[in-house]
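# Model the following, please.
(chains A and B)
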Amino acid sequence: MAVTRRLTRRDVVRGAAVVAAATLACPAFAQSAARVAVIGGGFGGAACARALRRLDATLQVTLIEPNTTFTACPLSNEVIAGLRELPQQTFTYDKVAADGIVVVAQAAKRVDAQARTIGFGDDTTLSYDRLVLAPGIELRFDALPGYDEAASAQMPHAWKAGEQTMLLRRQLEAMDDGGLVVIAVPAAPLRCPPAPYERASLIAHYLKARKPRSKVLVLDAKDTYSQQKLFENAWKELYPGMIERVALSQGGRVTSVNPATNEIVTDFGNYTAAVANVIPPQKAGRIAEIAGAADHTGWCPIDPVSFASKLVPNVYVIGDACIAGGIPKSASAASAQGKACAAAIVNALAGKAPDTPRLDGACYNTVAPGYAFSLKGIYQPKQDQYAESEVTTSPVEASREVRQREAEQALEWFKTITGDAFG
Amino acid sequence: MPSALINVPARAKRGDVIEIKTLMSHIMETGYRHIASGEVVPRDIITSFTCRYNGTEIFRADLYPAIAANPFITFFTTVTESGKFEFEWIGDRGFSETASASILVE
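Presented below is the predicted three-dimensional model:
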């Protein structure tokens, strides 16, 4: 693949030479005229687009995102529990546009990697020199028998923040005291791996105050999960007897659901939920597959140093959609990847090799107001994958002051990361 | 937490093909791993799984170190009469577990 990319870069230079009529000066010319398109305006895409402009103000950067506002997933579990409101999660692209980025409020429908064009629904196209795919996740409505898009109106996934978040909240508000809330958790990989357990915690917080005879049942297709000990201790301390989790080896994998009856079936049991939150398996956002950047796993293999797709030349993949080894799929990771990818693209356009990135990731889990813990990691390419070079998890034994401080830090983190992307 | 999980339909029609699911909690230590000081972690696996139906063996599996922890074994059979399925897992270090389930055939 490296050979293909090198040839293509030479082609860019050759094309420019016709106009510039100077062989040595033309890489600079090609650079100044370079067009970089970013598909997907989430944490990764927005951070990448802005970083591109910051690193090289001459770049023509286009951000392609059909939604005119962005609704953030981090902290959205608090919206479900009635602790935050959706407008606090919602951001516009005004500041992104003010950076000189062209924001196209249309969905990309096609990518022609040979012609280097993006096609839209109205048959218009956009040419690019480099393309960044930051499409996030696509929920797989074909992977869990009984669970399709229509079923999500009855059994919300709430795994993309917005209307689904509010639907789950309304269902909890409408539920009678004593009801069973079931959260179905898929096997890895999934967006924000600890989020199902944060969600279970915050739903228990809501129920404890409003509907104390109710219970939360987590049916899990995994045996272990991130920050497990911290969650389990918090559940014992804050919500004794309210949250039960059935792990994979206890028969927790959900095999089918029935939205008409709110029934959830595992290999070894049947459960009827008052409120069913079904988080289905996931894959890279659809445009990644259309562009040919996704492999048989549904996710996108990348070169970890540059984020260049291993499957499609001149295409880069960042955020939840890419296969990034030890880096969890999180807003924090997407943002860091977006910036590193921007630097790699600017280097590539200048004919330079990419620097080896060192990515910081942070993941806060709030289990009650004023009670949070976190995992912070530093990730670097090792061989052909990202590996953790340093990971710090909050101490299992800690005072409430420490948890309180982390809850405040979580809000600060949210301000920073949304500021980076949209502020 | 029960160490054995089994799923057998409570009832079925004569001649129906039914699915039986079993899961046994077990570490399935391969015997190929070493601890920091270099000593081998001794092998500790389930070596055999048997299912009998009204006393007659209808399914058997031999298990080897490459099989992951908590072996999940599922298979199909045809039911002919009401009766009892008996399951048995045998392994290293004297491991032995049993479970049973009845089915009503109409």
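# got the phi/psi numbers for the residue lying closest to residue A:213 once chain neighbours are set aside?
In space, and not counting its chain neighbours, residue A:213 is closest to residue A:178: 4.1 Å by C-beta to C-beta, 6 or more residues apart in numbering or on different chains. Glycine gets a C-beta too; all of them are placed from N, C-alpha and C. When quoted as degrees, to the nearest 10, the phi and psi of residue A:178 stand at phi 100, psi 0.
# Residue A:178: how many residues sit nearby?
Counted with other C-beta atoms under 10 Å in any protein chain shown, residues neighbouring residue A:178 total 12.
# Give me the pLDDT value at it.
The model reports residue A:178 with a pLDDT of 98.
# Equivalent analysis for residue A:33, please.
For residue A:33, pLDDT reads 73.
# Just the mean pLDDT for stretch A:198-217, thanks.
Per-residue pLDDT over stretch A:198-217 has a mean of 98.
# for it, which positions count as buried?
Going by neighbour count (16 or more other C-beta atoms under 10 Å in any protein chain shown), the buried part of stretch A:198-217 is A:198-207, A:211, A:214-217.
# Helix or strand for residue 74, just tell me which one.
Using chain A here. Assigned by DSSP states H and E, residue A:74 belongs to no helix or strand.
# ah, I was thinking of chain B
Taking DSSP H and E as the definition, residue B:74 sits inside strand B:72-78.
# do that strand and chain A meet?
Yes - under the criterion of C-beta under 8 Å from any C-beta of the partner chain, chain A is reached by strand B:72-78 at B:72, B:74.
# quick one: contacts of that strand?
Strand B:72-78 has contacts (C-beta atoms under 8 Å, 6 or more residues apart in numbering or on different chains) with A:267, B:15-23, B:49, B:51, B:53, B:58-59, B:61.
# Neighbouring strands - and their directions - for the helix or strand just after it?
On the C-terminal side of strand B:72-78, the closest following helix or strand by DSSP H and E is strand B:83-91. Note on strand B:83-91: by DSSP bridges, its sheet partners are strand B:46-53 (antiparallel), strand B:96-105 (antiparallel).
# Deepest-packed of the ones you listed, please.
Mean neighbour count (mean count of other C-beta atoms under 10 Å in any protein chain shown) peaks for strand B:46-53 among the strands paired with strand B:83-91, with a mean of 18.
# what's the neighbour count on the residue of the stretch 1-150 of chain A found nearest chain B?
Nearest to chain B, among the residues of the stretch 1-150 of chain A, is residue A:145, at 13.8 Å (C-beta to the nearest C-beta). Residue A:145 has 12 neighbouring residues, counting by other C-beta under 10 Å.
# Helix, strand, or coil at it?
Using DSSP: H, G, I helix; E, B strand; the rest coil, the structure places residue A:145 in coil.
# The residue nearest to residue A:213 reaches residue A:207, doesn't it?
No - between residue A:178 and residue A:207 there is no contact under C-beta atoms under 8 Å: 9.9 Å.
# Residues that sit against both of the two, list them.
Residues touching both residue A:178 and residue A:207 (C-beta under 8 Å, 6+ apart): residue A:214.
# Make JSON lines from the strands paired with strand B:83-91 and add mean pLDDT to it.
Listed next are the strands paired with strand B:83-91 as JSON lines, based on pLDDT from 0 to 100:
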{"stretch": "strand B:46-53", "mean pLDDT": "98"}
{"stretch": "strand B:96-105", "mean pLDDT": "96"}
